[in-house]
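>>> Structure for the following, please:
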Amino acid sequence: MEQAGEDHPGPGPGPRDELERLLLDGPRRWTRLEVAERAGMPPDRTRRLWRALGFPDAGDTERVFTDADVAALAVLGELIDSGFVGPETEASIARAMGQALSRLADWQTDLLADVLSRRGGDEPAAGPDAAVAAARTLLPLLQSVQDYVWRRHLAANADRLLTVAGPADRRELAVGFVDLVGYTSRSRGMGGRELGRMVEDFESAAAEVVARNAGRVVKTVGDGVLFTAVAATDAVEIGLELPDVWAAEDRPPLRTGIAYGAVLTRLGDVYSPVVNLASRLTSIARPGTVLVDRELARRLRQLPAYRVRPLRRVSVRGYDHLQPWLVRRRPQSGDDSPFEGMLDDL
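Next comes the predicted model:
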């Protein structure tokens with residue numbers, strides 16, 4: 001009598017099955033209940049983690065899981081036993097990893113499909129067998145690069161592990177938003193490829209400027225980028241430099257809002273009234289300008305590199321009398337006007 005879950009002899013796998021076995025490190029052979037039993041976890045818990053990773057539910061009799069799924073649950077159990085991951089946070093961690101890696105996988109799939117469609121010049125596009133061969137070659141290379149980048153980002157945060165004096169998830173940070181002015185109206189008249197190219201160029205320019213000034217891109221949302229920086233001057237340099245890097249006749253202008261204060265960092269995202277304040281400042285900024293809140297203005301007022309001016313108070317959602325401050329670079333002494341100098345003294 002054959003045992004449930006064992007492989008059966010038959011025709012060799014087609015390209016789709018072969019690609020799945022390569023990516024999933026084996027054939028689909030276990031049901032959801034069998035995986036839970038082998039991993040020593042309650043079925044409801046495995047279902048919750050599966051959903052948190054971003055995958056749809058599997059029926060109790062569907063054989064959609066592999067030996068790698070069982071092994072992954074075993075590793076998670078070890079992390080919980082070690083105290084590194086708590087049972088109350090395991091779903092949140094799974095959700096954060098699933099969302100980040102899902103986006104990465106989408107990009108890599110598009111990249112591979114584009115390469116295969118162009119392979120061979122005037123020859124027909126590569127078929128399924130070529131996709132399997134390409135995945136077999138590229139998979140270990142992608143794994144190696146991803147591991148390297150992950151370790152480098154951990155190393156960049158090493159100081160936080162060594163010098164933290166309070167809760168590791170609460171920090172004093174500058175939080176900034178930068179977005180494309182008129183993105184909605186402009187995008188209506190653009191084709192898919194043209195729009196995609198503009199968004200890609202914008203995200204690329206933002207990532208380069210943020211990294212160069214010791215900041216971190218938290219996330220991108222269509223026409224905007226949310227970033228953080230430890231130093232107030234780094235955050236302002238990002239806001240002042242990015243419009244110059246981005247500027248071109250066929251590109252919409254940028255506007256930036258930055259605020260400074262206590263921030264909760266959780267699963268790669270940031271939460272605080274400071275984040276909302278930066279968003280409101282961005283919404284009222286004119287194209288090409290950088291607006292900051294009172295706290296960030298206070299940290300910049302005595303620095304000779306910047307000119308900080310209060311603007312008229314405004315009422316926006318959540319803030320009845322919001323006081324924005326305009327930040328610009330201070331001109332060289334020979335190019336500065338006496339009137340501006342008098343305002344500085346005041």
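
>>> And the nearest residue to Pro304 once chain neighbours are set aside, its phi and psi?
With C-beta to C-beta, 6 or more residues apart in numbering as the criterion, Pro304 has its nearest non-adjacent residue at 6.4 Å, and that residue is Arg330. Just so you know, the C-beta spots here come from the backbone N, C-alpha and C atoms, and that holds for glycine as well. Per-residue torsions, Arg330: phi -80, psi 130 (degrees, to the nearest 10).

>>> So Arg330 sits against Tyr306, correct?
Yes - using C-beta atoms under 8 Å, Arg330 makes contact with Tyr306 at a distance of 6.0 Å.

>>> more neighbours, these two?
Regarding Arg330 and Tyr306, a neighbour count based on other C-beta atoms under 10 Å identifies Tyr306 as having more, with 20 against 16.

>>> How much space separates Ser272 from Arg329?
Ser272 sits 28 Å away from Arg329 when distances are taken as C-beta to C-beta, to the nearest Å.

>>> neighbour-wise, which of the two wins?
Taking neighbours as other C-beta under 10 Å, Ser272 and Arg329 compare with Ser272 leading, 18 against 13.

>>> Please verify my assumption that that one contacts Tyr260.
No - the criterion here is C-beta under 8 Å, and Ser272 misses it with Tyr260 at 10.4 Å.

>>> Show the residue spans covered by the strands in the stretch 51-200 of the chain.
Shown for the stretch 51-200 of the chain, the strands assigned by DSSP state E, counting those that start in this stretch span residues 170-180.

>>> which regions of it sit below the pLDDT cut-off?
115, 118-127, 159-168 (pLDDT under 70).

>>> Arg328 falls within a helix, correct?
No - assignment of Arg328 by DSSP: H, G, I helix; E, B strand; the rest coil gives strand, placing it outside any helix.

>>> show me the contacts for it.
Leu240, Val290, Tyr306, Arg307, Arg309 (C-beta atoms under 8 Å, 6 or more residues apart in numbering).

>>> Which strand residues bridge it?
Taking DSSP bridges, one finds Arg307 as the beta-bridge partners of Arg328.

>>> For Thr233, see how far away it is.
14 Å.

>>> same check, this time on Val327
11 Å.

>>> and what of Phe202?
For Phe202 relative to Thr233 (C-beta to C-beta), the value is 24 Å.

>>> These two - which one has more neighbours?
Higher neighbour count among Phe202 and Thr233: Phe202, with 24 against 17, using other C-beta under 10 Å.

>>> Pull the contacting residues for Lys219.
Lys219 sits next to Val225, Leu226, Asp269 when contact means C-beta under 8 Å, 6+ apart.

>>> ok, 6 Å please
Taking C-beta atoms under 6 Å, 6 or more residues apart in numbering as the criterion, Lys219 is in contact with Leu226.

>>> Could you tell me what pLDDT the model assigned to it?
Looking at Lys219, its pLDDT stands at 89.

>>> hang on, it is in a strand, isn't it?
Yes - assessed with three-state DSSP, Lys219 lies in a strand.

>>> give me the beta-bridge partners of it?
Leu226.

>>> now it: how far from Val270?
Lys219 sits 9 Å away from Val270, going by C-beta to C-beta.

>>> and Val290, how many neighbours?
The number of residues packed near Val290 is 29, by other C-beta under 10 Å.

>>> Ignore what I typed, I meant Ala68.
Residues contacting Ala68 under the criterion other C-beta under 10 Å number 12.

>>> Check Asp320 too.
Neighbours of Asp320 (other C-beta under 10 Å): 9.

>>> same deal with the one 5 residues further on?
The number of residues packed around Trp325, counting by other C-beta under 10 Å, is 21.

>>> Do you know the pLDDT at it?
On pLDDT, Trp325 comes in at 96.

>>> For it, list the residues it contacts.
Val292, Ala297, Val308, Pro310 are the contacts of Trp325 under C-beta under 6 Å, 6+ apart.

>>> now the longest strand anywhere in the chain: mean pLDDT?
Counting by DSSP state E, the longest strand found in the chain is strand 254-266. Mean pLDDT, computed over strand 254-266, is 94.

>>> roughly how far apart are Trp30 and Glu241?
53 Å.

>>> more crowded one of these two?
Using other C-beta under 10 Å as the criterion, Trp30 and Glu241 rank with Trp30 on top: 22 against 17.
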